[in-house]
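Student: What shape does this take:
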Amino acid sequence: MNSSAKLEYEKGQNALNANQPLAALRAFWTAYKLDQQPEFLYDAAYALLLLKRYRWAQQTYAFLGDFRAAVQASWAVEGELSGRFPKGFYRALIQSRNLPKEKALQALSLMRQHAVAYAPAYLEACRYLDQRPSEAYQLALAGLEQAEDHYTFGGLKLQAALYRYYRGQKEAARELLLELEYSGRLCEEIRQMIIKIQATDE
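Tutor: Take a look at the predicted model:
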């Protein structure tokens with residue numbers, strides 16, 4: 001990492017910790033101009049959400065190609081601003097992706113303990129549990145009871161369906177996907193994932 005960019009990034013983090021999102025945004029953007037690291041843009045998008053610049057934040061996530069964040073982020077940060085969730089939760093969720101697998105799972109577990117209703121932490125944890133499918137399935141079911149934004153709801157439903165499918169329970173998997181289809185909560189990103197999975201299966 002470029003040393004000047006690192007310095008700006010640290011300034012941005014300090015500004016966020018001091019509840020100064022505009023100063024943080026400027027520092028993160030300067031850091032990105034010096035060294036195009038994705039994490040700088042993720043934190044810039046987070047600062048935009050804190051400033052309630054939702055459209056700009058979503059455009060930033062879309063530029064990163066992270067449609068999950070573009071859908072989840074506004075809901076998650078709105079929860080922080082309203083006091084439903086601890087401040088900095090969504091940023092911590094994004095940063096957990098840079099941790100080793102077991103440390104990421106520990107961080108996500110702590111997030112669920114501090115805010116049981118924080119469904120994105122359930123979905124994020126499921127992605128690390130490909131070698132522990134039963135645990136992922138139970139997490140998906142627990143998260144579905146909490147999920148509010150459409151991306152998280154669809155992602156958890158898809159995780160549950162894949163568990164059933166790979167255990168030979170194809171009819172049960174289809175039923176879960178049909179429930180999702182008719183729930184009115186199937187966002188385009190999850191629909192495209194389902195289409196890709198079905199094409200691979202054929």
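Student: now the chain, which segments are flagged as low pLDDT?
Tutor: Along the chain, segments meeting pLDDT under 70 span 199-202.
Student: Give me the packing partners of the host helix or strand of Ala45, helices and strands only.
Tutor: Following DSSP states H and E, the helix or strand that holds Ala45 is helix 38-50. The helices and strands touching helix 38-50, judged by 3 or more Cβ pairs under 8 Å, 6 or more residues apart in numbering; DSSP states H and E, are helix 3-17, helix 21-34, helix 54-63, helix 67-82, helix 89-95. For glycine as for every other residue, the C-beta is placed from the backbone atoms N, C-alpha and C.
Student: cutoff 6 Å now
Tutor: Contact here means 3 or more Cβ pairs under 6 Å, 6 or more residues apart in numbering; DSSP states H and E; on that basis helix 38-50 packs against helix 21-34, helix 54-63.
Student: OK, contacts around the closest residue to Tyr32 other than its chain neighbours?
Tutor: Nearest non-adjacent residue to Tyr32, counting by Cβ to Cβ, 6 or more residues apart in numbering: Phe40, 4.0 Å away. Listed by Cβ atoms under 6 Å, 6 or more residues apart in numbering, the contact set of Phe40 reads Phe28, Ala31, Tyr32.
Student: residues in contact with the first one?
Tutor: Read that as Phe28. Gly12, Phe40, Asp43, Ala44.
Student: quick one on the thing from earlier: between the helix holding Ala45 and helix 21-34, how big is the angle?
Tutor: Here helix 38-50 runs at an angle of 160 degrees relative to helix 21-34 (axes from the mean of the first three to the mean of the last three Cα atoms, to 10 degrees).
Student: Kindly list the main-chain dihedrals of Gln146?
Tutor: In terms of degrees, to the nearest 10, the main-chain angles of Gln146 are phi -110, psi -20.
Student: Against Arg191, how distant is it?
Tutor: Distance of Gln146 to Arg191, given as Cβ to Cβ, to the nearest Å: 22 Å.
Student: more neighbours, those two?
Tutor: More crowded of Gln146 and Arg191, by other Cβ atoms under 10 Å: Gln146, with 18 against 13.
Student: any idea what sits nearest that one, other than its immediate chain neighbours?
Tutor: Nearest residue to Gln146, sequence neighbours excluded (Cβ to Cβ, 6+ apart): Ala119, at 4.2 Å.
Student: how many neighbours does the one you found have?
Tutor: Ala119: 26 neighbours (other Cβ under 10 Å).
Student: who touches it in this structure?
Tutor: Counting by Cβ under 6 Å, 6+ apart, Ala119 touches Gly143, Gln146, Ala147, Thr152.
Student: isn't Asp35 right up against Asn2?
Tutor: Yes. Asp35 sits in contact with Asn2 when judged by Cβ atoms under 6 Å, with a separation of 3.8 Å.
Student: returning to that earlier point: nearest to Tyr90 among the contacts of Phe40?
Tutor: Closest to Tyr90 out of these is Phe28 (14.8 Å), distances taken as Cβ to Cβ.
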